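Enquirer: predicted model, plus sequence, below.
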Protein chains: 2
Amino acid sequence: MFDGRVTEQFKTFESGIRLDSGRILAPITIAFETYGTLNRQGSNAILVEHAWTGDAHLAGKRSDSETKPGWWDAIVGPGRLLDTDRYFIICSNVIGSCFGSTGPTSINPKTGKRYNLSFPVVTIRDMVRAQTLLIDSLGIDKLVTVMGGSMGGMQALEWATQYPDRIASAIILAATPRPSPQAIALNAVARWSIFNDPTWRKGEYKANPKDGLALARGIGHITFLSDESMNSKFGRRFSAKDGQFDFFGQFEVERYLNYNGYSFVSRFDANSFLYLAKTLDLYDVAWGYDSMAEAFSAVEAPLQFYAFSSDWLYPPYQTESMVTCLQELDKDVEYHLITSSYGHDAFLLEHETFTPLIRDFLSRVQAGTAE
Amino acid sequence: MFDGRVTEQFKTFESGIRLDSGRILAPITIAFETYGTLNRQGSNAILVEHAWTGDAHLAGKRSDSETKPGWWDAIVGPGRLLDTDRYFIICSNVIGSCFGSTGPTSINPKTGKRYNLSFPVVTIRDMVRAQTLLIDSLGIDKLVTVMGGSMGGMQALEWATQYPDRIASAIILAATPRPSPQAIALNAVARWSIFNDPTWRKGEYKANPKDGLALARGIGHITFLSDESMNSKFGRRFSAKDGQFDFFGQFEVERYLNYNGYSFVSRFDANSFLYLAKTLDLYDVAWGYDSMAEAFSAVEAPLQFYAFSSDWLYPPYQTESMVTCLQELDKDVEYHLITSSYGHDAFLLEHETFTPLIRDFLSRVQAGTAE
């Protein structure tokens, strides 16, 4: 039973994994949280995947002092979409991140020091490979579903293509089969912001390089919103000590990005940010295959896709290219284009637009009648 | 007669102008070039307005050593759209810029030092006010047309609304009545890049702050292109010394932005970049009016507008809001939405898509039958 209180857990796998790059990452620690109870058969587990700067703290509170619950609390709990009376829900922090799983901030056992830039470049497929260790160790053979948005959606895609017999379904929101050059370019200038910060010191900093990381986050934030949502949220409001003609006067949207950027510095590591940006940019669902069709030919589980009309980071046409490909392969696929002005972040902000559709999908998956 | 050779000219106006901010900017020097010959009546002059980082060097070459002619050479010359056998064409550098007109790099006569951040914030309206001094001094009462793209289009709008009796027509490409918060946000992170550069020193640098300015330009460049043009130009090509898993490996688009950014440092001043970014963001055609309709009520000349389908910096809907407003006021307005994959830069890169339409428009303007 889940009463809203959750404890962060950790598992360490000494033998680690062989990464797509050929390097061995060992040991691997995975930070995770669970909600609800795994049934005796181990057949009621759902894995939720977080996005770029997310963590394992999906729902509930770890202590009374937390002012906000986990990042997707709205859909996890008794009677909620991911019903903790019924399902055993797992959320794990990806490798490469800085929230408890092995990443650039971890101690490299060979040197006794932080990995920093000696950490290997990891792929989404590596992240999922690491997650299989966790799922195995929990005694789960097959997941009811694996679900996530953005980078979380990429992970769900990798479960569907690389571990087709270990999932009964997957739900992919606001993802892409491969980021476009425009999305890469926006991550590139975010990386560049950190590289430019003299306190970054090629990753060997003592304190997070704050100006560079804040700016990098500011750039990222623009891509998570939309022209429309910025219009309604900020308009062209301008604030300055010295009126409109103050050189340092800031538009409201500028203040917001600034504030948001500097807040981010206290919670996210710059090297992890760089590694995960790289992971995102390198992502290609067809990596190692001749085509997307070849990658998708392995899919067995029903897949449900969501794209959001105002998402310009991973625009709907990119999700649609996957849906079309899967349809041509006669796979069990369902697609919903959600009308939203919230941009890429819509998957986190407007869950009420898709929750009923996921609920239906899960019922059908469990009844064995999806599509 | 224009034979492809041009000389940069300068005029200084000692009494300067009163800016929208209430401050006096004096003296004002304007750098400009002219092509063709002004007729006796002074009635064949066309003013071309440059964009953000442009200059007065519209066409031709200043010397044999120039490898490329001026920035819009393709449309200026004998028999070209702006026919130098027929028209007297003027292009002047805006105030606030760093190409010969008064700006932050100019010497402040009160201190004997560069203005730097003591330069006043100027508006598009101020730029045009300064241009009227030049036009007056050349003995031109009324321009055949004033034409420009992006920031150049904003200047054309100001001629149309502030000096309606001094233009016989205006041609406005890829402009906006006011940049959206998204466009402002993208300029804001570009500004922030320069502010973050420790060599910027609040504008009191000896050498241009290169890392910050290069990054700022890199960000800008993303907004000038489109998802589609980046796809065809760069795709997801990746180059690295050490294969795909090289932490410092760069995507082709990333290398391009980097290369382009650092080239920019040798030709544009960081403070001017900041001032003009501010000018753009502050732009509002309705500034000082109750509404856009009130601003446009003064328009007398026929106006021709162009928007480009893949321009996401100043998207077509923004131009269309002006066209609709002018139509409702029963003004003489013509609008063309050009299908292009080149994004905002289409106005510079695909002139063949609109040149015939401008030619027609100018014929009708001169025949007095536009619309």
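Expert: Done, it's in.

Enquirer: would you mind listing what in the stretch 51-200 of chain A touches chain B?
Expert: Residues of the stretch 51-200 of chain A lying close to chain B (Cβ under 8 Å from any Cβ of the partner chain) are A:117, A:120-121, A:178-182, A:184-186, A:188-189, A:191-193, A:196-198. Any C-beta I mention is one placed from the backbone N, CA and C, and that applies to glycine too.

Enquirer: let's go with 6 Å and repeat that
Expert: Residues of the stretch 51-200 of chain A lying close to chain B (Cβ under 6 Å from any Cβ of the partner chain) are A:Leu117, A:Val121, A:Ser180, A:Pro181, A:Gln182, A:Ile184, A:Ala185, A:Ala188, A:Val189, A:Trp192, A:Asn196.

Enquirer: residues in the stretch 251-371 of chain A within reach of chain B, list them.
Expert: Residues of the stretch 251-371 of chain A lying close to chain B (Cβ under 6 Å from any Cβ) are A:Phe251, A:Val253, A:Glu254.

Enquirer: hmm, the first one is touching B:Ile184, no?
Expert: Yes - contact criterion Cβ atoms under 6 Å: A:Phe251 and B:Ile184 qualify, at 5.0 Å.

Enquirer: rewinding a little: need the residues of the stretch 251-371 of chain A next to chain B in a markdown table with secondary structure, pLDDT and distance to B:Asp211, can you?
Expert: Below are those laid out as a markdown table (DSSP: H, G, I helix; E, B strand; the rest coil; pLDDT from 0 to 100; distance: Cβ to Cβ, whole Å):
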| residue | secondary structure | pLDDT | distance to B:Asp211 |
| --- | --- | --- | --- |
| A:Phe251 | strand | 94 | 24 |
| A:Val253 | helix | 96 | 25 |
| A:Glu254 | helix | 95 | 21 |
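
Enquirer: who wins on neighbours among those?
Expert: The most crowded member of those, judged by other Cβ atoms under 10 Å in any protein chain shown, is A:Val253 (28 neighbours).

Enquirer: residues contacting it?
Expert: A:Met230, A:Phe234, B:Pro181, B:Ile184, B:Ala185 (Cβ atoms under 6 Å, 6 or more residues apart in numbering or on different chains).

Enquirer: the same query, at a cut-off of 8 Å, please.
Expert: Residues in contact with A:Val253 (Cβ atoms under 8 Å, 6 or more residues apart in numbering or on different chains) are A:Met230, A:Lys233, A:Phe234, B:Pro181, B:Ile184, B:Ala185, B:Ala188.

Enquirer: could you do A:Ser229 as well?
Expert: By Cβ under 8 Å, 6+ apart, the contact list for A:Ser229 reads A:Ser310, A:Ser341, A:Tyr342, A:Gly343, A:Asp345.

Enquirer: so which helix or strand takes in it?
Expert: Secondary structure assignment for A:Ser229, by DSSP states H and E: helix A:227-233.

Enquirer: backbone phi and psi for A:Pro164, please?
Expert: phi -60, psi -30 (degrees, to the nearest 10).

Enquirer: per-residue confidence for the nearest residue to it once chain neighbours are set aside?
Expert: Excluding its sequence neighbours, the residue lying closest to A:Pro164 (Cβ to Cβ, 6 or more residues apart in numbering or on different chains) is A:Glu300, at 4.1 Å. pLDDT for A:Glu300: 97.

Enquirer: do the same with A:Thr369
Expert: pLDDT for A:Thr369: 63.

Enquirer: out of the contacts of A:Val253, the closest to B:Glu204 would be?
Expert: Nearest to B:Glu204 out of those is B:Ala188 (Cβ to Cβ; 22.1 Å).

Enquirer: surely that closest one is in contact with A:Phe248?
Expert: No - counting by Cβ atoms under 8 Å, A:Phe248 is not a contact partner of B:Ala188; they are 11.9 Å apart.

Enquirer: between those two, who's got more neighbours?
Expert: Remark: of B:Ala188 and A:Phe248, B:Ala188 carries more neighbours, 26 against 12, as counted by other Cβ under 10 Å.

Enquirer: residues contacting the more buried one?
Expert: Counting by Cβ under 8 Å, 6+ apart, B:Ala188 makes contact with A:Gly218, A:Gln250, A:Phe251, A:Val253, A:Glu254, A:Leu257, A:Asn258, B:Asp281.

Enquirer: the same query, at a cut-off of 6 Å, please.
Expert: Residues in contact with B:Ala188 (Cβ under 6 Å, 6+ apart) are A:Glu254.

Enquirer: that one: helix or strand, and which one exactly?
Expert: For B:Ala188, the host element (DSSP H and E) is helix B:181-195.

Enquirer: what are the buried residues along that helix?
Expert: Buried positions in helix B:181-195, judged by neighbour count with 16 or more other Cβ atoms under 10 Å in any protein chain shown: B:181-195.

Enquirer: and if you look at stretch A:200-220?
Expert: Buried residues in stretch A:200-220, counted by 16+ other Cβ under 10 Å: A:200, A:203, A:205, A:208-220.
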